[in-house]
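model this:
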Amino acid sequence: MLNKIQKAGVAGAGAMGLGIAQVFAQSNFEVVLYDVSNEQLNLAKQTIEANLSGAVTKGKLSEQQKNETLNRITYTTDVNALVADVVVEAIVEKLEIKKQLFEKLAAINGEETILASNTSSIPITRIAKEIPHPERVAGMHFFNPAHIMKLVEVISGVETSETVALTLKDLSIKLGKTPVMCKDSPGFIVNRVARHYYVESLKLLEEKAATMENIDALMESAGFKLGPFKLMDLVGNDINFAVTSSLYESFHQEAKFRPSRIQQQKVEAGHLGKKTGKGFYTYPSKT
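Next up, the predicted model:
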């Protein structure tokens, strides 16, 4: 099936979606990047151009390759334009909204189109439920920033066909990524294991056992590239909190996955991290 994939659709032009679109375009696929917001699409276009220009400056890409990559991406607010051989969904981490989108994607695409979700925590089986031909629905979970991070989790739901899962594995390799195969489970592999990197750090902060600066410094000295609070700011506190909340519910409110009130307040205040200029830390304005 890999040879049949010539065009990719990406739903959602946020940090993950734009990165996924860039990865496909750099690997010679035609790409349609969709978002409901023209403003978000314009920001995505600027970010992709900046990413590619940075690669040119570092000698990792030629100017011609940069321009060819940019020319492969079409930006649209029309969901009906998401007709492709594979569509990767990278929208808000809410099951009902994802299901509504997948229903639209199934209606406008043929049954051979692979419908993949970049969800961090929602079981693929729940997303695929009631979607025609659920065997073509799978997880294709990239990591932020998608154009740099090598790992991709390929997740099989209960109905996902082995052919579709293996095709996504081969596709990931073609994109220059390192795929790992896993079965459907809340949080899959990485987010289930890594969740406590955030949750336990937030508990320490709640208990005033240590400052966030000290926790970050200690974890970085132990070999982590970013401390948990710096990483939450990079990912986005809204996204991180949503994933923790999703896992908490999926595991029937098991205490070890309890979301933090501190992080909830950050989200409610709009302190989402680097993308808003303020999270656990304050960041210089881009303007």
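
V180 in helix, strand or coil?
V180 carries the three-state label strand when classified by DSSP: H, G, I helix; E, B strand; the rest coil.

and it, what are its bridge partners?
Beta-bridge partners for V180, by DSSP bridges, are E153.

where do the helices of the stretch 101-250 of the chain begin and end?
Remark: helices assigned in the stretch 101-250 of the chain by DSSP state H, counting those that start in this stretch are 124-128, 162-174, 190-206, 212-221, 228-235, 237-250.

give me the number of residues near the residue nearest to N240 when sequence neighbours are not counted?
Of all residues not flanking N240 in the chain, M232 sits nearest, at 4.9 Å (Cβ to Cβ, 6 or more residues apart in numbering). C-beta: built from backbone N, CA, C; applies to glycine. For M232, the neighbour count with other Cβ atoms under 10 Å is 28.

do A90 as well
A90 has 28 neighbours, counted by other Cβ under 10 Å.

then A107?
By the criterion of other Cβ under 10 Å, A107 has 10 neighbours.

on that earlier part again, quick check: the residue nearest to N240 touching K274?
No - M232 lies out of contact with K274 (Cβ atoms under 8 Å); the separation is 10.1 Å.

okay, now the unreliable bits of the chain?
286-287 (pLDDT under 70).

that one: strands as residue ranges?
Under the criterion DSSP state E, the chain contains strands at 7-11, 30-34, 73-76, 86-89, 114-117, 137-141, 151-156, 178-183.

what packs against the fifth one?
The criterion is 3 or more Cβ pairs under 8 Å, 6 or more residues apart in numbering; DSSP states H and E, and the helices and strands that strand 114-117 contacts are strand 86-89, helix 95-108, strand 137-141, helix 162-174.

figure out which of the ones you listed is closest to C182.
strand 137-141 (8.3 Å; Cβ to Cβ).

packing partners of the closest one?
Secondary-structure packing of strand 137-141 (3+ Cβ pairs under 8 Å, 6+ apart): strand 114-117, helix 124-128, strand 151-156, helix 162-174.

picking that back up, now for the residue nearest to N240: which residues touch it?
Y198, N240, Q263, G273, G279, F280 (Cβ atoms under 8 Å, 6 or more residues apart in numbering).

I'd say the first one and I239 touch.
Put plainly, it is Y198. No - when contacts are counted by Cβ under 8 Å, Y198 is not listed as touching I239 (11.3 Å).

buried residues in stretch 60-71?
By 16 or more other Cβ atoms under 10 Å, the buried positions in stretch 60-71 come out as L61, K66, T69.

quick check: chain neighbours aside, which residue is closest to the last one?
In this structure, T69 finds its nearest non-sequential neighbour in A25, 4.7 Å apart by Cβ to Cβ, 6+ apart.

before we move on, what about the first one?
Beyond its immediate neighbours in the sequence, the residue positioned closest to L61 (Cβ to Cβ, 6+ apart) is A55, lying 4.0 Å away.

thought that neighbour was touching K66?
Yes - using Cβ under 8 Å, A55 makes contact with K66 at a distance of 7.2 Å.
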